[in-house]
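Asks: Just need the structure, nothing else, for what follows:
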Amino acid sequence: MKVEQISIFIENKSGRLAEVTRVLGEAGINIRALSLADTSDFGILRLIVNDREKAKQVLKERGFTVSKTEVVAVEVPDCPGGLSQILQSLDRESINVEYMYAFVERCGENAVIIFRFDETDKAIKALIGSGFTVLAGERLYAM
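Replies: Okay, the predicted model is just below:
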């Protein structure tokens, strides 16, 4: 139940983020979720897209440094305390969250949280065992 995220290493200067989104848009690639972490000179743009292979290909053709990373997508009720329930479950198993970001489904009542864990398989087992819905890639990419 791992999903693929693409990570793009970009210079932290005007126009670079716009260029990434323009390249993806021209290739017909839809961004489902994103996170941007930055430093003073560079940033890492993490994306969940509908077509990972094509996104990676077109970005590399334009000179971007791109990699794929396995992450976990967890569905959580979009209400106060929803995220807290997941994090408490992970804490009971001593699982560390390296980073996370979220988005809300268009017509649903749930949010989707993308996690990167230090122990991915252990985290998936703990989440499923606690009754949370871990999304398969096909469902996530089609949202």
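
Asks: which SS class is residue 13?
Replies: On the three-state scheme (DSSP: H, G, I helix; E, B strand; the rest coil), residue 13 is labelled coil.

Asks: burial of it, as a residue count?
Replies: 10 (other CB atoms under 10 Å). Where you see a C-beta, it was placed from the backbone N, CA and C, and this is true even at glycine.

Asks: and the residue lying closest to residue 100 once chain neighbours are set aside, what element?
Replies: With CB to CB, 6 or more residues apart in numbering as the criterion, residue 100 has its nearest non-adjacent residue at 4.8 Å, and that residue is residue 115. Residue 115 is part of strand 110-117, with elements assigned from DSSP states H and E.

Asks: cool, residue 124 as well?
Replies: If you go by DSSP H and E, residue 124 is part of helix 120-129.

Asks: Show me what the very next helix or strand once past that helix is packed against.
Replies: Scanning forward in sequence from helix 120-129 by DSSP H and E, the next helix or strand is strand 133-134. Contacts defined by 3 or more CB pairs under 8 Å, 6 or more residues apart in numbering; DSSP states H and E place strand 133-134 against strand 65-77, helix 120-129.

Asks: Include distance to residue 30 when you put these into a markdown table, please.
Replies: Formatted as a markdown table, the helices and strands packed on strand 133-134 follow (distance: least, CB to CB, whole Å):
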| stretch | distance to residue 30 |
| --- | --- |
| strand 65-77 | 16 |
| helix 120-129 | 25 |
